[in-house]
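**Q** kindly return the folded structure for what I paste below:
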Amino acid sequence: MDGLLEKIDIQDLLTRLVEFLPSLGAAILILILAWLLFRLTRGSLSRMLERAGFEPALVKMLISNIYRFVLMIFGLVMAAGQIGINVGAALAGIGVAGIAIGFAAQDSLANTLAGFMIFWDKPFQVGDWINVADEYGEVAEITMRSTRMRTPNNTYVVIPNKSIIDQVLVNHSKHGETRVDVPIGIAYKEDIPTAREVLLAAVKGFEDVSAVRPTEVVVAKLSSSSVDMQLRVWIDDAAIEKAVYARVMEAGKLALDHAGIEIPYHHMQLFIDKVDDRVWEGVKKLAPLSALSGPANGQQGS
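**A** All right, here's what the predicted structure looks like:
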């Protein structure tokens, strides 16, 4: 131990430490100034971005994460230069590491970029009811990586942002009012105007149905076994769309039943216009064979 102390020049060590203290103090001062700059400017920048129309979640993400990260990195680089670290070599190493990390996390980066696009384009916002990626529900939260939805079943669905921007999205809340189309079929023998009056009366004064927008009943399609009609009602809140759909369909069914208007099931009718005599002759020849096969098939219980 004494030999080691003899080899160390205490005076030289103290001299080097005194010479290094100003550089260390300057580095610490730079870090403190970077932190103070963030604290002093984050409020004004947040208000400026909000006035520019940015979503609050995006503003929080830009200021609390990206802006703070950039300032801290800038402060660390300047502080490292003050204490004699080769900043150029360090930045080159960070760049190489960044490329490797980028390749390893390209899915996460793609979702983050998609998050920026969602915040910028604003196809939906928190509280909207949307259809996307085979899911329907209320947007509960939007992050840079994913969008979280609450479904009518009260389940929690997390969808990567990349999946959202790559698919067709339907926003049921974007324009406030929403039209609900309820399909109801009637038989071909029934009178369409009478069915229309019955259905309109069934939903007149119906709870949650808009009294401003007119309710309509139109013929949507002539199917093989029914005249497909649509009962179109308007609602003010997309959150009740599924509930209103079910209640309106039930009310329409009960009203048609009460009026004696048939709602047919799927069936097929076969009409024979003309049959050649040779066909009937063939049927007559097969009749004895059919009679003989009857007992073989087993008429039990008679």
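
**Q** just give me the neighbour total for V198.
**A** 20 (other C-beta atoms under 10 Å). (Glycine included, C-beta is placed from N, CA and C.)

**Q** host element of it?
**A** Using DSSP states H and E, V198 maps to helix 192-203.

**Q** likewise E241?
**A** If you go by DSSP H and E, E241 is part of helix 241-259.

**Q** list the helices and strands that helix packs on?
**A** strand 178-186, helix 192-203, strand 227-235 (3 or more C-beta pairs under 8 Å, 6 or more residues apart in numbering; DSSP states H and E).

**Q** make a markdown table from the ones you listed and add mean pLDDT and distance to M144 to it.
**A** Formatted as a markdown table, these follow (pLDDT from 0 to 100; distance: least, C-beta to C-beta, whole Å):
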| stretch | mean pLDDT | distance to M144 |
| --- | --- | --- |
| strand 178-186 | 95 | 29 |
| helix 192-203 | 95 | 44 |
| strand 227-235 | 95 | 33 |
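
**Q** quick one: the helix holding V198 to chain centroid distance?
**A** Counting by C-alpha atoms, centre = their mean, to the nearest Å, helix 192-203 is centred 36 Å from the centre of its parent chain.

**Q** sorry, back to before: so how far is the helix holding E241 off the chain centroid?
**A** Centre-to-centre, helix 241-259 and its host chain are 29 Å apart (C-alpha atoms, centre = their mean).

**Q** got the angle for that helix vs helix 192-203?
**A** 120 degrees (axes from the mean of the first three to the mean of the last three C-alpha atoms, to 10 degrees).

**Q** before we move on, back to that, for the helix holding V198, list every residue counted as buried.
**A** A195, R196, V198, L199, L200, A202, V203 (16 or more other C-beta atoms under 10 Å).

**Q** the fifth one and V209 touch, don't they?
**A** I take that to be L200. No - taking C-beta atoms under 8 Å as the definition, L200 is not a contact partner of V209, at 11.2 Å.

**Q** spit out the residues that contact the two alike.
**A** Here L200 and V209 share the contacting residues T215, scored by C-beta atoms under 8 Å, 6 or more residues apart in numbering.

**Q** mind naming the longest helix for this protein?
**A** Identified as the longest helix of the chain according to DSSP state H is helix 10-51.

**Q** packing partners of it?
**A** Helix 10-51 makes packing contacts with helix 56-61, helix 68-82 when contacts are defined by 3+ C-beta pairs under 8 Å, 6+ apart.

**Q** and that helix, how far out from the chain's middle?
**A** 43 Å.

**Q** what do you get for stretch 190-204?
**A** 37 Å.

**Q** in stretch 65-78, which residues are buried?
**A** For stretch 65-78, the neighbour count (16+ other C-beta under 10 Å) marks Y67, R68, L71, G75, L76, M78 as buried.

**Q** report pLDDT for the second one.
**A** Confidence per residue is given as pLDDT, and for R68 that number is 83.

**Q** same thing with the third one?
**A** For L71, the pLDDT comes out at 83.

**Q** just give the closest residue to the spatially most central residue of the chain, not the sequence neighbours.
**A** Of all residues in the chain, the one closest to the mean position by C-alpha atoms, centre = their mean is V132, 4.3 Å from it. Nearest in space to V132, with sequence neighbours left out and distances taken as C-beta to C-beta, 6 or more residues apart in numbering, is L169 at 4.5 Å.

**Q** now the angle from the helix holding V198 to strand 178-186?
**A** For helix 192-203 against strand 178-186, the angle by the same axes, to 10 degrees is 130 degrees.

**Q** alpha carbons only: can I get helix 192-203 in PDB?
**A** Provided in PDB are the C-alpha atoms of helix 192-203 (Å, rounded to 0.1, in the frame of the first residue of the first chain):
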ATOM      1  CA  ILE A 192     -96.200  -1.800 -49.700                       C
ATOM      2  CA  PRO A 193     -97.900   1.500 -48.800                       C
ATOM      3  CA  THR A 194     -99.800  -0.200 -46.000                       C
ATOM      4  CA  ALA A 195     -96.700  -1.800 -44.600                       C
ATOM      5  CA  ARG A 196     -95.000   1.600 -44.700                       C
ATOM      6  CA  GLU A 197     -97.700   3.200 -42.700                       C
ATOM      7  CA  VAL A 198     -97.600   0.500 -40.100                       C
ATOM      8  CA  LEU A 199     -93.900   0.700 -39.700                       C
ATOM      9  CA  LEU A 200     -93.900   4.500 -39.500                       C
ATOM     10  CA  ALA A 201     -96.600   4.400 -36.800                       C
ATOM     11  CA  ALA A 202     -94.600   1.800 -34.900                       C
ATOM     12  CA  VAL A 203     -91.700   4.200 -34.300                       C
END
